[in-house]
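**Q** Below: sequence and its predicted model.
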Amino acid sequence: MNWHFLLTHLCGISHRTWRTFHTIRTDAEWLSQYTLRYRYVTGSGLRPDTPKGRCVARNTLA
C-alpha cells in the first residue's frame, strides 16, 4: 500500500507535511537503533523490565 499517495492525494496532506512526518519517523527509528546498540555494547539496559530502583537498592546493600 502506498501511504504517500493515500495521505497526500486522498487526505489532502501536503508534501511538506509528509516530508516532516517521514523525517521524524526516520529519526526516531535511527535513535531507537542507536540506543539499542549502545545498551548492548555497554551492557546496560539488557533487561528493560527490571526497575532501576531495585537495582540501586540491591547494589547498595551488597
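**A** Yep, it's here.
**Q** now Q33: how far from F21?
**A** Noted for Q33: a distance of 19 Å to F21, by CB to CB, to the nearest Å. Any C-beta I mention is one placed from the backbone N, CA and C, and that applies to glycine too.
**Q** So for the two, which residue has more residues nearby?
**A** Shown here are Q33 and F21; by other CB atoms under 10 Å, F21 has more neighbours (13 against 10).
**Q** the bottom helix or strand of this structure by mean pLDDT?
**A** Least confident helix or strand of the chain, by mean pLDDT, DSSP states H and E, is helix 52-61 with a mean of 51.
**Q** Tell me the buried residues in the helix or strand hosting D27?
**A** Assigning secondary structure by DSSP states H and E places D27 in helix 15-42. Across helix 15-42, burial judged by 16 or more other CB atoms under 10 Å covers no residue at all.
**Q** shaky segments in this structure?
**A** Within the chain, the ranges that satisfy pLDDT under 70 run 1-15, 18, 44-62.
**Q** go again using 80 as the cut-off
**A** 1-22, 24, 38-62 (pLDDT under 80).
**Q** give me every residue that touches T23.
**A** Under the criterion of CB atoms under 8 Å, 6 or more residues apart in numbering, T23 has no neighbours.
**Q** meant to ask about A28
**A** A28 makes no contacts at all, as judged by CB under 8 Å, 6+ apart.
**Q** and it, how far is that from G43?
**A** Counting by CB to CB - A28 and G43 are separated by 24 Å.
**Q** just T26 next, same as before
**A** From T26 to G43 the distance is 28 Å (CB to CB).
**Q** just D27 next, same as before
**A** Distance from D27 to G43, by CB to CB: 26 Å.
**Q** So L36 versus W30, what's the distance?
**A** Counting by CB to CB - L36 and W30 are separated by 11 Å.
**Q** wait, I meant R19
**A** Remark: distance between R19 and W30 (CB to CB) = 16 Å.
**Q** same check, this time on Y38
**A** On the measure of CB to CB, Y38 and W30 end up 12 Å apart.
**Q** With G43 instead?
**A** 22 Å.
**Q** got it, and H22?
**A** Distance from H22 to W30, by CB to CB: 12 Å.
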